[in-house]
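Peer 1: Attaching a predicted model along with its sequence, questions to come.
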Amino acid sequence: MALQEVKVPDIGDFKEVEVIEVLVKVGDTIAKDQSLITVESDKASMEIPSAAAGVIKELKVKVGDKVGEGSLLLMVEAAGAAPAPVASAAAASPAPAPAAAAPAPAPMAASAASSAGPVLVSVPDIGDFKDVEVIEVMVKVGDIIRTEQSLITVESDKASMEIPSSAAGAVVEVLVKVGDKVNKGTPLVKLAGAASAPAAAAAAAAPASTPAVAAAPAPVAAPTVVTPAPMAVTAAAPVADGKPAHASPSVRAFARELGVDINRVPGTGPKGRITPDDVRSYVKGAVAQLVSGAPAAAAAPASGGGGNVSVIDWPKVDFSKFGEIETKPLSRIKKLSGANLHRNWVMIPHVTNHEDADITDLEAFRVKLNEENAKSGAKLTMLAFLIKACVAALKKFPEFNASLEGENLVLKKYFHIGFAADTPNGLVVPVIRDADEKGVFEIAKETAELAALAREGKLSPAQMQGGCFSISSLGGIGGTYFTPIINAPEVAILGVCRSTTKPVWNGSEFAPRLILPLSLSWDHRVIDGAAAARFNTYLATVLADFRRVML
């Protein structure tokens, strides 16, 4: 039996990605769409499925190899080739009785999917990902979707991916929501008038006058449950003008990192595919619009021109000619956070207000509580008090507990506070959820647990999502004031430095007081200077007299 080559399919804009795992071996019998290898880029990891079924006779790749679209992966002895002559003989043999009955089954095959009732679409084989969190639901009841259109986005601690549909039809029920955990086989949506890709193709290919085909509809009748093929390499989502946004999951993830609506980005790739350069050009154009009031980003050329914000190329320097050097790659956390910080600094008009808070009495109260509870092991930190004070300020000034979406301000009725945690690989921001409902001891315990998980690299995506307001504290290190970068889509962030004892005039004399420096960065599109000054002043007042938290 002839051997068949299995190659890397179109994997979007990933080029020369590294093989980090080989999932099969010589002698294995594999199915079509079974995962063969896992590859990883600097943005994400993905599994590459097989385009053929059969027995593996030879592997062409190993861990550490670099592969791209068209790279040869393995040779298989194809399965299912032998029955072809039988089918030909059946087609050639005259069969008057089936021929007379042929016209009836053909239309039945064509309508099998729609007559079988609602179709349930579930999560396909997504490799070793288990209990992954849904971070985005991309369809709603009433939507008309196509085969391979993305339904949801899931995220693990390693990567995010979009899950496509293997059936087309109208969404009659969405069975998951943001925050749910899903696995292979988890039901996602119910579709009406739907047909799976194989069934639809078979029905379309069945001419009413062909006896051999008319006899074959039974195996391709639409099943009640449809399990789609593995993660689609390209997935489309409906846009305002009705045209699909043609972009790979990696480009969609890149766009989300930069806060870009992929549906607004014009594609310059083959068949209108959106490339990473298209996303970058869109961002450059948006920056140009902010700086000069020029038309929107779509006008920015892919060559890198950004209107009035064009810059010269980054200097390329051979540092080794000046002395000994060591080259060290950035950690994954720094790569991801760096892109986010860059976007936030460029896209958000930051302003920072500074204020001093007298925490003399609060610090004495904290020390006393720790002494009283020494045997319990619970230890209060100033961060726990800061979180409660920030909740009080957010309640009094709700525009700080908001996010900007186009021309609308989304005011949040919940209080999830993020705090920057220093780890060996970079900063991460765990989130204390519902901080308004927790006491300072509970908050102190939770911040300690989350900080420990952060240092160990064990934070889940859910533990870093949903924040309304962030605190970046350098109190244990030093400093006086700084300008923290807003953690989009939030509109403000509080920076805190080390407290110091200073002489403060009390009306009759200078007295030593413990002063905590506060730095509040805020989004000038949402907040004005007067509101920021009031927020900072109120926050300092609460820290000076913590009884105000109860008001």
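Peer 2: Happy to help now that I have it. Residues are numbered from 1 along each chain as shown.

Peer 1: Quick one: low-confidence residue ranges for the protein.
Peer 2: Along the chain, the model assigns pLDDT under 70 to residues 1, 13-14, 42-45, 79-117, 127-128, 157-160, 194-245, 249-250, 270-271, 288-312.

Peer 1: quick one: the helices in it?
Peer 2: Secondary structure of the chain by DSSP state H: the helices cover 84-92, 96-101, 105-110, 112-115, 197-204, 211-214, 249-257, 276-292, 332-347, 360-372, 382-396, 440-455, 529-544.

Peer 1: Compute the inter-axis angle for the longest one and helix 249-257.
Peer 2: Between helix 276-292 and helix 249-257, the angle formed by their directions is 20 degrees, by axes from the mean of the first three to the mean of the last three C-alpha atoms, to 10 degrees.

Peer 1: Give me the helices and strands touching helix 276-292, please.
Peer 2: Counting contacts by 3 or more C-beta pairs under 8 Å, 6 or more residues apart in numbering; DSSP states H and E, helix 276-292 is packed against helix 249-257, helix 332-347. Where C-beta positions appear, they are placed from N, C-alpha and C, glycine not excepted.

Peer 1: okay, the angle between it and helix 332-347?
Peer 2: Angle of helix 276-292 versus helix 332-347, following the same axes, to 10 degrees, is 40 degrees.

Peer 1: Report the distance from helix 276-292 to the chain centre.
Peer 2: Centre-to-centre, helix 276-292 and its host chain are 21 Å apart (C-alpha atoms, centre = their mean, to the nearest Å).

Peer 1: Quick check: which of the helices and strands packed on helix 276-292 has the most neighbours on average?
Peer 2: When these are scored by mean count of other C-beta atoms under 10 Å, the highest mean neighbour count falls to helix 249-257 (a mean of 22).

Peer 1: Run through the residues that contact Leu74.
Peer 2: Listed by C-beta atoms under 8 Å, 6 or more residues apart in numbering, the contact set of Leu74 reads 6, 24, 36, 56-61.

Peer 1: Write the ChimeraX selection for whichever of these are buried.
Peer 2: With 16 or more other C-beta atoms under 10 Å as the criterion, this ChimeraX line picks the buried residues out of the contacts of Leu74:
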select :6,24,36,56,59,61
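
Peer 1: can you tell me which of the contacts of Leu74 are in strands?
Peer 2: Among the contacts of Leu74, the members falling in strands (DSSP state E) are 6, 36, 56-59.

Peer 1: with those in mind, which one is nearest to Leu494?
Peer 2: Each of the ones in strands among the contacts of Leu74 was scored against Leu494 by C-beta to C-beta, and Leu36 proved nearest at 48.8 Å.

Peer 1: Just to check, the closest one is in contact with Pro49?
Peer 2: Yes - counting by C-beta atoms under 8 Å, Leu36 touches Pro49, with 6.8 Å between them.

Peer 1: any chance of the contacts of Leu74 in CSV, plus distance to Pro398?
Peer 2: Below are the contacts of Leu74 laid out as CSV (distance: C-beta to C-beta, whole Å):
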residue, distance to Pro398
Val6, 57
Val24, 56
Leu36, 52
Ile56, 61
Lys57, 66
Glu58, 65
Leu59, 60
Lys60, 60
Val61, 55
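
Peer 1: Can you tell me which of the contacts of Leu74 lies closest to Ser122?
Peer 2: Proximity of the contacts of Leu74 to Ser122 (C-beta to C-beta) peaks at Leu36, which lies at 22.5 Å.

Peer 1: how about that closest one, what does it touch?
Peer 2: Going by C-beta under 8 Å, 6+ apart, the list of residues near Leu36 reads 6, 22-24, 30, 47-50, 73-74.

Peer 1: cool, and Pro424?
Peer 2: Pro424 makes contact with Arg455, according to C-beta under 8 Å, 6+ apart.

Peer 1: Over to Leu23?
Peer 2: Taking C-beta under 8 Å, 6+ apart, we find Leu23 in contact with 35-38, 47.

Peer 1: Neighbour-wise, give me the winner out of these.
Peer 2: For the contacts of Leu23, the largest neighbour count, defined by other C-beta atoms under 10 Å, is 26 neighbours, found at Ile37.

Peer 1: So which of the contacts of Leu23 is the closest to Leu330?
Peer 2: If you rank the contacts of Leu23 by distance to Leu330 using C-beta to C-beta, Thr38 comes first, at 21.7 Å.

Peer 1: Test my guess that Val171 contacts Ser165.
Peer 2: No - Val171 is beyond contact range of Ser165, at 9.3 Å (criterion: C-beta under 8 Å).

Peer 1: joint contacts of those two?
Peer 2: Shared contacts of Val171 and Ser165, defined by C-beta under 8 Å, 6+ apart, comprise 145, 189, 191.

Peer 1: burial count for the second one?
Peer 2: Using other C-beta under 10 Å, the number of residues around Val189 comes to 27.

Peer 1: Now do the contacts for it.
Peer 2: Contacts of Val189 (C-beta under 8 Å, 6+ apart): 120-121, 139, 151, 165, 171, 173-175.

Peer 1: export the residues you listed to a markdown table and tack on neighbour count and distance to Val283?
Peer 2: Supplementary listing: those in a markdown table, determined by neighbours: other C-beta atoms under 10 Å; distance: C-beta to C-beta, whole Å:
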| residue | neighbour count | distance to Val283 |
| --- | --- | --- |
| Leu120 | 19 | 39 |
| Val121 | 27 | 34 |
| Val139 | 20 | 27 |
| Leu151 | 25 | 27 |
| Ser165 | 29 | 30 |
| Val171 | 21 | 32 |
| Glu173 | 13 | 37 |
| Val174 | 16 | 31 |
| Leu175 | 14 | 35 |
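
Peer 1: Of these, which belong to strands?
Peer 2: The members of the contacts of Val189 that map onto strands under DSSP E are 120-121, 151, 171, 173-174.

Peer 1: As TSV, these with distance to Gln463 would be great.
Peer 2: Output for these, formatted as TSV (distance: C-beta to C-beta, whole Å):
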residue	distance to Gln463
Leu120	31
Val121	29
Leu151	25
Val171	31
Glu173	30
Val174	25
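
Peer 1: how close does the nearest residue to Ser35 once chain neighbours are set aside sit to Ala531?
Peer 2: Leaving out its chain neighbours, the residue that sits closest to Ser35 by C-beta to C-beta, 6 or more residues apart in numbering is Glu47, at 3.9 Å. Noted for Glu47: a distance of 49 Å to Ala531, by C-beta to C-beta, to the nearest Å.
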